[in-house]
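Engineer: Kindly generate the corresponding structure for this input.
(chains A, B, C and D)
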2 protein chains.
Amino acid sequence: MALATVESRFTPARLPGSPSGGRKPRHVSLNDPGSTPHDRRLAEVLEHAARIFWEKGYEGASMRDLARATEMSLAGLYYYFESKEELLFLIQKHTFTTIMEQLRERLAESAAPEERVRIFIRNHLEYFLSNKEAMKVLTHEDETLRNGRGAQIRAIKRQYYTICLELMEDLRRAKGLQFSGRLAVLSLFGMINWIYTWHNPRVDAGAEALAREMGDLFLHGVLHPGKRKRKSAGPRV
Amino acid sequence: MALATVESRFTPARLPGSPSGGRKPRHVSLNDPGSTPHDRRLAEVLEHAARIFWEKGYEGASMRDLARATEMSLAGLYYYFESKEELLFLIQKHTFTTIMEQLRERLAESAAPEERVRIFIRNHLEYFLSNKEAMKVLTHEDETLRNGRGAQIRAIKRQYYTICLELMEDLRRAKGLQFSGRLAVLSLFGMINWIYTWHNPRVDAGAEALAREMGDLFLHGVLHPGKRKRKSAGPRV
DNA sequence: GGACTTACCGAACGTTCGTTCGAATATCTA
DNA sequence: TAGATATTCGAACGAACGTTCGGTAAGTCC
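Structural biologist: Okay, the predicted model is just below:
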């Protein structure tokens, strides 16, 4: 149920009036009983849009593709948002906000630095593999949005980065180590974001197993098996 | 000197004759004394094109942008290649071929498994940071080319992947370990390719230092400093 | 039942896109 | 220097693009 939650606005994109009657913006979901039909329809449209951007990229996708997918007219789409740019913005904002909310909830469950890093990895991979279309759009169309909308997304991204950096520094302190937090975070982001270029659900492990293995790799490297895997027979006598 | 080496063809894209007079295709360079003016001009055009694709993405870039950058007419560009797709193909093929050639040379210098993995990382990062435009185009426009041209690029990519996988399996055997080579390689690719999203030459380390740190991270993880960095004062008594 | 809002649509606008055509100039060779 | 070849160009083509205009039909409220 990717993109089921959308922050509704005071007014629709076109201005014949307000569909939500001047209510305050809030989060609604496809299954949320408090959501209006308008909000639910918008969420559906965004879900189709995410799939199309995922397939063809933002620039390569056309509004006519979206009209075909949603079985709406080209003009009818513009009742729900004011431009293609806003469409991308809504997808990215919703996706980023949701993965971050979920992360905060899960981090509240543990205070152990190493475990918290593993929670971060697991949360990211689980969300990524459950929402691969939107997450690819978020990561691949990183530099597409400009000006105000781009700045808003970049602000959320910075928050996400900062959370991870603090996890890393807590770990470093707790273990009495020295390493560059920035480099560790950015390397980790590379590992876990790159997944959209290769993950194949038919041959690769699921999110949980991947999170365990990538966590091991990130924390111990390939050379230090820790309590896991070490070959019984080997040059080690 | 990104994109200075280009494989010339028998004939130019338009067909008023053959500029290189029926010579065999071969590699030429901007500084290569054996390169024809035609080859050198094409290399210049490709370099401009790489910079434009780097800035705006393949779909977002227009042939008119390239005409402006090269100070040629729109029509004049098509003397050197037959389509925008071929333009991207030439950039990707040249870039991939070059980084792989350089890798093979460097790998010949060492037989020690761990050192060879470090050579791979260093080569990739050095080439990436010296040719960031073309390397971003190579990684970001991964799925853009379709059909025959896409298949050719994918074939080179598979070679590159296979080389790295073999390095990883040699290392695993030598150290008597057990880990998924596929996951290790793909995680490493994520780490070292993601760099184009964050590296800032004004604040971040250069290729050599980055290669050392990322190599440490990949081999030992954040928790096992090895002979490097461990805090003198710490909870370790 | 009339006024208003919500949700949508057909048709078109102006722009930009990749590509091509026919011709003109520059460069080289004999 | 004549002729061929290599290189470049202005102008235009048709297609596709994002967006907008003026409407219509159905639901809601007094």
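Engineer: Tell me which helix or strand in chain A has the weakest average pLDDT.
Structural biologist: strand A:27-28 (a mean of 44; mean pLDDT, DSSP states H and E).
Engineer: After that one, which helix or strand is next?
Structural biologist: Counting by DSSP states H and E, the element after strand A:27-28 in chain order, helix or strand, is helix A:37-56.
Engineer: Would the helix ranked longest in chain A count as contacting chain B?
Structural biologist: The residue-count maximum for a helix in chain A (DSSP state H) belongs to helix A:147-175. Yes - using C-beta under 8 Å from any C-beta of the partner chain, we find that helix A:147-175 touches chain B at A:168, A:171-172, A:174-175. (C-beta placed from N, C-alpha, C; glycine too.)
Engineer: mind giving me CSV with the residues you listed and columns for pLDDT?
Structural biologist: Formatted as CSV, those follow (pLDDT from 0 to 100):
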residue, pLDDT
A:168, 98
A:171, 98
A:172, 97
A:174, 97
A:175, 96
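Engineer: mind checking how far the longest helix of chain A is from the chain centre?
Structural biologist: 14 Å (C-alpha atoms, centre = their mean, to the nearest Å).
Engineer: cool, stretch A:109-127 as well?
Structural biologist: With C-alpha atoms, centre = their mean, you get 15 Å for stretch A:109-127.
Engineer: Mind listing residues that contact it?
Structural biologist: A:98-99, A:102-103, A:106-107, A:135, A:163-164, A:167-168, A:170-171, A:173-175, A:188, A:192, A:195, A:207-208, A:210-212, A:214-215, A:218-219, B:223 (C-beta atoms under 8 Å, 6 or more residues apart in numbering or on different chains).
Engineer: are any of the residues you listed buried, and which?
Structural biologist: A:98-99, A:103, A:107, A:135, A:163-164, A:167-168, A:170-171, A:175, A:188, A:192, A:195, A:207, A:210-212, A:214-215, A:218-219, B:223 (16 or more other C-beta atoms under 10 Å in any protein chain shown).
Engineer: just for chain A, where's the confidence low?
Structural biologist: A:1-34, A:227-237 (pLDDT under 70).
Engineer: Which parts of it are strands?
Structural biologist: A:6-7, A:27-28 (DSSP state E).
Engineer: Looks like residue A:206 contacts residue A:195 (just checking).
Structural biologist: No - in terms of C-beta atoms under 8 Å, residue A:206 does not count as a neighbour of residue A:195; the distance is 11.9 Å.
Engineer: Mutual contacts of the two, please.
Structural biologist: Contact with both residue A:206 and residue A:195 is made by residues residue A:129, according to C-beta under 8 Å, 6+ apart.
Engineer: Count the residues that sit near the nearest residue to residue A:142 once chain neighbours are set aside.
Structural biologist: Take residue A:142 and drop its neighbours on the chain: the residue closest to it by C-beta to C-beta, 6 or more residues apart in numbering or on different chains is residue B:197, 6.3 Å away. Residues lying near residue B:197 (other C-beta atoms under 10 Å in any protein chain shown) number 16.
Engineer: List the contacts of the nearest residue to residue A:190 once chain neighbours are set aside.
Structural biologist: Closest residue to residue A:190 apart from its sequence neighbours, by C-beta to C-beta, 6+ apart: residue B:194 at 2.8 Å. Residues near residue B:194 by C-beta under 8 Å, 6+ apart: A:186-187, A:189-191, A:193-194.
Engineer: Might you enumerate the residues of chain A proximal to DNA strand D?
Structural biologist: A:16, A:61-65, A:74-75, A:78, A:82-85 (C-beta under 7 Å from any atom of the strand).
Engineer: Can you name the two of the residues you listed that sit furthest apart?
Structural biologist: A:16 and A:61 (27.3 Å; C-beta to C-beta).
Engineer: Which one's more surrounded, the two?
Structural biologist: Ranked by neighbour count (other C-beta under 10 Å), residue A:16 and residue A:61 place residue A:61 first, with 22 against 8.
Engineer: For chain A, which segments are assigned as helices?
Structural biologist: Using DSSP H, helices in chain A cover A:37-56, A:63-70, A:74-77, A:84-107, A:113-130, A:132-140, A:147-175, A:181-193, A:207-220.
Engineer: Packing partners of the fourth one?
Structural biologist: Okay, so that is helix A:84-107. With contacts defined as 3 or more C-beta pairs under 8 Å, 6 or more residues apart in numbering or on different chains; DSSP states H and E, the packing partners of helix A:84-107 are strand A:6-7, helix A:37-56, helix A:113-130, helix A:132-140, helix A:147-175.
Engineer: okay, those, which one's buried deepest?
Structural biologist: Comparing the helices and strands packed on helix A:84-107 by mean neighbour count (mean count of other C-beta atoms under 10 Å in any protein chain shown), helix A:132-140 ranks first with a mean of 23.
Engineer: residue contacts, residue A:172?
Structural biologist: Counting by C-beta under 8 Å, 6+ apart, residue A:172 has contacts A:178-179, A:181, B:222.
Engineer: Just the buried ones among those residues, please.
Structural biologist: Applying 16+ other C-beta under 10 Å to the contacts of residue A:172 flags A:179, A:181, B:222 as buried.
Engineer: who touches the last one in this structure?
Structural biologist: Contacts of residue B:222 were listed using C-beta under 8 Å, 6+ apart, and they are A:168, A:171-172, A:177, A:179, A:184, A:218-219.
Engineer: Among those, which one sits closest to residue B:55?
Structural biologist: residue A:184 (29.4 Å).
Engineer: now the closest one: how far from residue A:71?
Structural biologist: Here residue A:184 is placed at a distance of 47 Å from residue A:71 (C-beta to C-beta, to the nearest Å).
Engineer: Reformat the buried ones among the contacts of residue A:172 as JSON lines; add distance to DNA strand C.
Structural biologist: Listed next are the buried ones among the contacts of residue A:172 as JSON lines, based on distance: C-beta to the nearest atom of the strand, whole Å:
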{"residue": "A:179", "distance to DNA strand C": "44"}
{"residue": "A:181", "distance to DNA strand C": "41"}
{"residue": "B:222", "distance to DNA strand C": "44"}
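Engineer: any chance of those residues in CSV, plus distance to residue A:130?
Structural biologist: Shown next, in CSV, are those (distance: C-beta to C-beta, whole Å):
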residue, distance to residue A:130
A:179, 31
A:181, 28
B:222, 27
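Engineer: What count of nearby residues applies to residue A:69?
Structural biologist: If you count neighbours by other C-beta under 10 Å, residue A:69 ends up with 15.
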